[in-house]
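Take a look and give me a structure for this.
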Amino acid sequence: MNRASDADADFKIRILKSAPLFAEAPADDLQELARVGRVAAIQRGKSLAKRGQEGQEIYVVQSGVGAELHHEPGDERPILIMLHGPGSVAGLVSALIATKDKPQDDDDETHGRRIEALSNMSIFAAPAADVFRVCRRNPDLSARLSMVLAERHDDLARTYAQSTHYSLEMRLASFFARVTALSAQNDWNPVTNVGRISQSAIAGMLGVSREHVNRTLAMWERSGLIFQNKKGEILVQNAKRLAQLSATSADRAATEKADDWLWELDAHLDRGIH
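You can find the predicted model right below:
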C-alpha cells in the first residue's frame, strides 16, 4: 500500500515539476501539493471545472491542450483568452478573482472564465487555497508566481493587439499555429494532429464568422497546409508555413532564411514520408 502511495505521489510530483512555476520548488512543498492534489483525465469539449466551481482549483497540464475562455454577461459566445499546453499552470487568474467578494446580485453563471479541453487532457489539480498558501510562505515561489502572471499579462496584450491589427486570416493562422506547437511539443513529425475542433467553436473564440473559418480552412486544405480526415480531425501538414502566415510581413522577413524550405524536406525524409 505504501509503495502504491509513494508511486502516486512521485507521479504527481513529476507533473508538478514539468511546470516552470514548480520546477525548482522544495521537495517538502511538492510533497504537500501532491498530497492534497489529484490527477484527472478531461475529455475533449469538457470543462476542467464544473459549472459554478471555477476558481476553486489550480491545474498543471500534463498532456493535451486547453482553451481559457472569458464570458461576458448576456453574450453566449466565449472569447479566447489564452491556450494551455503541457507544463502550463492554468486557473490562476480565476482562483485569484474568486478570492474577492462577489456582488450579491451577481447570479449570472455565464460570467467569468472557464477552461475547456480542445483535445483530451491529463491534468494535476490542487485546491487553490493550498497552492497559494504554499506560495506565500516561499519567497522564491511567490516571485515565480508573479513572473507567470506577468507573462500571462504580456500574452494577453499580444492577443489583444492581434485582434485589433491583424487580418482575420492571420488571427486564425495564429490560433492554429499555437495549438499545433502545444500539441506537437518536441515531436519531429511534420504532420501534427490537433484533434477535432468545431468551426463554430473556433469562430466564437476568435470573434469571427463561421463562414470565414470554413472558407479559410477550405483554402488551406486546397493548398496542402492542412487536411481534415474522415473523423473530422485537423492535421496540420506544414506547421512552419502556418506560423509564417500568422506573422506580419516585417516579422517574416526578419526570421525567414533562404534555405527554410529544406527543413520541410528533411522532416519528411526523416520520417520516410515521400
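
At which residues are the strands of the stretch 51-200 of the chain located?
Under the criterion DSSP state E, counting those that start in this stretch, strands of the stretch 51-200 of the chain are mapped to 57-63, 66-71, 79-84, 89-90, 112-117, 121-127, 192-193.

Columns distance to Ile202, mean neighbour count and mean pLDDT on top of those strands, output as JSON lines?
To be clear about C-beta, it is placed using only N, CA and C from the backbone, and glycine gets the same treatment. Output for these, formatted as JSON lines (distance: least, Cβ to Cβ, whole Å; neighbours: other Cβ atoms under 10 Å; pLDDT from 0 to 100):
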{"stretch": "strand 57-63", "distance to Ile202": "20", "mean neighbour count": "24", "mean pLDDT": "95"}
{"stretch": "strand 66-71", "distance to Ile202": "10", "mean neighbour count": "21", "mean pLDDT": "88"}
{"stretch": "strand 79-84", "distance to Ile202": "9", "mean neighbour count": "20", "mean pLDDT": "88"}
{"stretch": "strand 89-90", "distance to Ile202": "20", "mean neighbour count": "24", "mean pLDDT": "94"}
{"stretch": "strand 112-117", "distance to Ile202": "12", "mean neighbour count": "21", "mean pLDDT": "87"}
{"stretch": "strand 121-127", "distance to Ile202": "18", "mean neighbour count": "22", "mean pLDDT": "96"}
{"stretch": "strand 192-193", "distance to Ile202": "16", "mean neighbour count": "20", "mean pLDDT": "86"}
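
closest one to Ala157 among those strands?
For these, proximity to Ala157 was assessed by Cβ to Cβ; strand 79-84 is nearest, at 11.2 Å.

counting contacts, what elements does that closest one pack onto?
strand 66-71, helix 139-165, helix 168-184, helix 199-206 (3 or more Cβ pairs under 8 Å, 6 or more residues apart in numbering; DSSP states H and E).

and that strand, which strands flank it?
Using DSSP bridges, strand 79-84 pairs in its sheet with strand 66-71 (antiparallel).

in stretch 46-53, what's buried?
By 16 or more other Cβ atoms under 10 Å, the buried positions in stretch 46-53 come out as Leu48, Ala49.
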